[in-house]
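*Asks:* based on what follows, work out the 3D shape:
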Amino acid sequence: MDDQSTRTLNDLMTGMAVNARAGAEALRLAGPDARTQAIVAAAKAIRAREAEILEANRKDQQFARDKGLTDAMIERLILNPARVEAMAKGLEEVAALPDPVGRELARWTRPNGLDIARVSTPIGVIAIIYESRPNVTADAAALCIRSSNAAILRTGSEALNSALAIYAAFEEGLRAAGLPETAVQLVPTSDRDAVGLILGGLGGAVNLIIPRGGRSLVERVQKEARVAVLAHLEGLNHTYVHKDADPEKALGVTLNAKMRRVSVCGATETLLIDEAVAADLLPGIAKALEGKGCELRGDEAARAIYPMKTATEDDWRTEYLLPILSVRVVKDEAQAIEHIRTYGSGHTEAIITENVQAAETFLNEVDSAIVIWNASTQYADGGEFGLGAEIGISTDRMHARGPVGAEQLTTFKYIVRGNGQMRP
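*Replies:* Below is the predicted model of the structure:
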């Protein structure tokens, strides 16, 4: 990049930083009704702009194919009328959420008469760096508006046209509510150096960075960021079929957990099955998966029951995001939990069983952000949790864990009320 280009990008990002700080202040001082109006108007604009959004998305799909992206990446990129409508409905669900700002989280009175309250507040300016999912533009913008945070959004080059078309609906929504359009900003260039400037904090303007994408993106952000990071790591998820599983649930849930959408972070990547029922249940599950086009890779015990490719050590550590599933036969629940502890990413795990004690043991001992009993791992989604939408599934252990919705995008302050008290 030449000096002129560098100055131009620096000027662009510096201007965005200044506008973001002003936008954050405007959102903080605006009432919840104005923020609700902005999101509702944005949803209306997305519906009105459907043709424009889909045309932009077609350009992105072609660019992705020309770039040689995998089928899984392209599938995550694709929009259609149903997905555009789902995007708009998701915004309306966010708009209907209780306002997360200004909540009194706790209150107590000290012996000296001081009245102390802990109250939720916005974080400030949040930068979200994401890759090929156009709907993240809508989800992130709406959740930041709902939680009174200004947003700087930076999508990947393969989704830039779609993101710009969706972002235009938010500019319209913010205008309709009398809020500054710069409360939410989208970096309008695919220049990779923009990411480096964001990671530097933009002169102290950025309070939090949320990366949503593959391991390489998240690792770069965690390594280079000069401000706090809320990480969304890969979903190396497991479904464990316990010896007391209902056969119909084991078949149906496993099939859904893997094949509903193979490219989402909640998809199951490894099936664990107790040796006590493997001979009876695995053939039916395997045939159903293969019937949907899923390639199976199993350990020696699994291959002895049903023909499949050999699973390597790398397979246990791989988030495929493809119709590929690793299969391991385990001795018991303890071995299943140990496998998850060794290979899991701390995202989402599920047990299929009718044994309440076994289920409770699994729910208590598996230390992932989301742990599920008798349901698909693909429920790892903020919308399904009633959060309206999500920016991602946090695998961090500080501040927020699991689906990151509007409530998780707040911090708090202490309000102390006195009557002339002086510390001795």
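
*Asks:* and the helix or strand of the chain with the lowest mean pLDDT, what's buried?
*Replies:* Among the secondary structure pieces of the chain, namely its helices and strands, helix 71-77 has the lowest mean (mean pLDDT, DSSP states H and E), a mean of 83. Within helix 71-77, the residues scored as buried using 16 or more other CB atoms under 10 Å are 72-77. Bear in mind the C-beta positions are built from the backbone N, C-alpha and C, glycine included.

*Asks:* and stretch 321-333, by the same measure?
*Replies:* Within stretch 321-333, the residues that qualify as buried are 321-330, 333, counting by 16+ other CB under 10 Å.

*Asks:* farthest-apart pair in the buried residues of helix 71-77, please.
*Replies:* By the measure CB to CB, the buried residues of helix 71-77 have their two most distant members at Ala72 and Leu77, which lie 9.9 Å apart.

*Asks:* in this structure Ala183 contacts Ala24, no?
*Replies:* Yes: contact between Ala183 and Ala24 holds when scored by CB atoms under 8 Å: they sit 7.3 Å apart.

*Asks:* tell me, what's touching these two both at once?
*Replies:* Residues touching both Ala183 and Ala24 (CB atoms under 8 Å, 6 or more residues apart in numbering): Ala150.

*Asks:* between these two, point out the one with more neighbours.
*Replies:* A count of neighbours by other CB atoms under 10 Å puts Ala183 above the other of Ala183 and Ala24, at 29 against 25.

*Asks:* for Gly173, see how far away that one is.
*Replies:* According to CB to CB, to the nearest Å, Ala183 stands 10 Å off from Gly173.

*Asks:* and what of Leu281?
*Replies:* When distance is defined by CB to CB, Leu281 is 50 Å away from Gly173.

*Asks:* between those two, which one's more packed in?
*Replies:* A side-by-side neighbour count of Leu281 and Gly173, using other CB under 10 Å, places Gly173 first with 27 against 21.

*Asks:* now do the contacts for the more buried one.
*Replies:* 37-45.

*Asks:* by neighbours, which of these wins?
*Replies:* Each of those was scored by neighbour count (other CB under 10 Å); the top score is that of Ala42, with 31 neighbours.

*Asks:* the closest residue to it other than its chain neighbours in helix, strand or coil?
*Replies:* Using CB to CB, 6 or more residues apart in numbering and skipping residues adjacent in sequence, the residue nearest Ala42 is Gly173, 3.1 Å away. For Gly173, the reduced secondary structure class is helix; criterion used: DSSP: H, G, I helix; E, B strand; the rest coil.

*Asks:* measure Gly173 to Ile145 for me?
*Replies:* Distance, Gly173 to Ile145, by CB to CB: 8 Å.

*Asks:* which neighbours do those two share?
*Replies:* With CB under 8 Å, 6+ apart applied, the overlap between the contact sets of Gly173 and Ile145 consists of 38-39.

*Asks:* for the buried residues of stretch 321-333, give me TSV that also has pLDDT.
*Replies:* Converted to TSV, those look like this (pLDDT from 0 to 100):
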residue	pLDDT
Leu321	89
Leu322	91
Pro323	95
Ile324	97
Leu325	98
Ser326	98
Val327	98
Arg328	98
Val329	98
Val330	98
Glu333	97
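
*Asks:* among the residues you listed, which are located in helices?
*Replies:* With helices defined by DSSP state H, the entries of these inside them are Glu333.

*Asks:* out of the buried residues of stretch 321-333, which comes closest to Arg260?
*Replies:* The shortest approach to Arg260 among the buried residues of stretch 321-333 belongs to Pro323, at 11.3 Å (CB to CB).

*Asks:* which residues touch the closest one?
*Replies:* The contact partners of Pro323, by CB under 8 Å, 6+ apart, come to 258-259, 262, 292-295.

*Asks:* which one of the residues you listed has the most neighbours?
*Replies:* The most crowded member of the contacts of Pro323, judged by other CB under 10 Å, is Lys258 (28 neighbours).

*Asks:* so where does it fall, helix or strand?
*Replies:* Element membership for Lys258 (DSSP states H and E) is helix 247-259.

*Asks:* run through who's touching whichever helix or strand comes after that helix.
*Replies:* The helix or strand immediately downstream of helix 247-259 is strand 268-274, counting by DSSP H and E. By CB under 8 Å, 6+ apart, the residues outside strand 268-274 that reach it are 235-243, 245, 254, 257-258, 281-282, 285, 302, 316, 318-320, 324-333, 336, 339-340, 343, 350, 376-378.

*Asks:* just the pLDDT at Glu131, thanks.
*Replies:* Per-residue confidence at Glu131 stands at 83 (pLDDT).

*Asks:* same deal with Thr6?
*Replies:* Looking at Thr6, its pLDDT reads 64.

*Asks:* out of the contacts of Pro323, who's nearest Gly213?
*Replies:* Distance to Gly213, by CB to CB, is smallest for Val262 among the contacts of Pro323, at 17.0 Å.

*Asks:* ramachandran coordinates for that closest one?
*Replies:* phi -70, psi -20 (degrees, to the nearest 10).
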